[in-house]
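Visitor: Following is a predicted model, sequence given first.
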Amino acid sequence: AGDDRYAGTLTLQREIDLIGAEANYRQNLICGKPLRLDFLAGYRYFRVGESLTLMGQRVSLGDQPDLPSGSAASFLDRFTTRNNFHGGQIGLNSVFAWRDFRFDVTGKIAFGVNHDLLTVNGEREILTPTGGLVKLPGGIYSASNSLGSSHGIDFAVLPEVNCKFGYQITDHIQAYLGYN
């Protein structure tokens, strides 16, 4: 049985932002058939951001302890994080080739600095049947004492492994299937 004392809506929204870039110097260590091995050294940038927003509205269908009949209440909670990594990296790239088939494996590890930012926003509003509006800081999950932003700068390590299997279709076309 549902709670028929209120009518309302609840909305949840999640966003993810991901971007990366790198520049590498490549030095060949082994070059022969069927194996090639290269040393990599360079710079890596990586950013990941996430946000979670929870919004709700409800109308009281009868007198309730927290909301008189005919009153409307709404809330908003929003949590946002952003991490920016800058660092130097080293790694190895190996290619094993046999006939028209290729198997590439790359391993890299970056050492650097991560700048992080956390932001918490929230608010509640109550509209009474007489037209009075009450605004309160903090939502359901964002308490008023946790609102605002905090940031930090930390040493970070960012590893990466790439594997891909390829086939030489023509002299100028290759097809790959891989995993990062």
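Guide: Everything's here; your move.
Visitor: Quick check: what element follows the worst-scoring helix or strand of the chain on mean pLDDT along the chain?
Guide: Least confident helix or strand, the chain: strand 133-137 with a mean of 89, by mean pLDDT, DSSP states H and E. Using DSSP states H and E, the helix or strand that follows strand 133-137 in sequence is strand 148-168.
Visitor: Can you list the buried residues in that following strand?
Guide: 156, 158, 160, 166 (16 or more other C-beta atoms under 10 Å). C-beta coordinates here come from the backbone N, C-alpha and C atoms, glycine included.
Visitor: Which member of the residues you listed is positioned nearest residue 46?
Guide: Distance to residue 46, by C-beta to C-beta, is smallest for residue 158 among those, at 6.1 Å.
Visitor: Residue 60: how many residues sit nearby?
Guide: Residues contacting residue 60 under the criterion other C-beta atoms under 10 Å number 20.
Visitor: how far away is it from residue 77?
Guide: Distance of residue 60 to residue 77, computed by C-beta to C-beta, to the nearest Å: 21 Å.
Visitor: what does residue 111 give?
Guide: Between residue 111 and residue 77 the computed distance is 36 Å (C-beta to C-beta).
Visitor: So between those two, which is more surrounded?
Guide: Using other C-beta under 10 Å as the criterion, residue 111 and residue 77 rank with residue 77 on top: 21 against 13.
Visitor: where's that one, which helix or strand?
Guide: According to DSSP H and E, residue 77 maps onto strand 72-98.
Visitor: For the next helix or strand after that strand, buried residues please.
Guide: Heading C-terminal from strand 72-98, the first helix or strand you meet, by DSSP H and E, is strand 101-127. By neighbour count on 16+ other C-beta under 10 Å, the buried set for strand 101-127 is 102, 104, 106, 108, 110, 112, 114, 116, 120-124, 126.
Visitor: And for stretch 30-37?
Guide: residue 36.
Visitor: Distance across it, terminal residue to terminal residue?
Guide: 5 Å (C-alpha to C-alpha, to the nearest Å).
Visitor: What of stretch 30-39?
Guide: Terminal residues of stretch 30-39 lie 10 Å apart, using C-alpha to C-alpha.
Visitor: for the record, mean pLDDT for it?
Guide: On average, the pLDDT along stretch 30-39 is 92.
Visitor: Run through who's touching that stretch.
Guide: Outside stretch 30-39, the residues that touch it by C-beta atoms under 8 Å, 6 or more residues apart in numbering are 26-29, 90-98.
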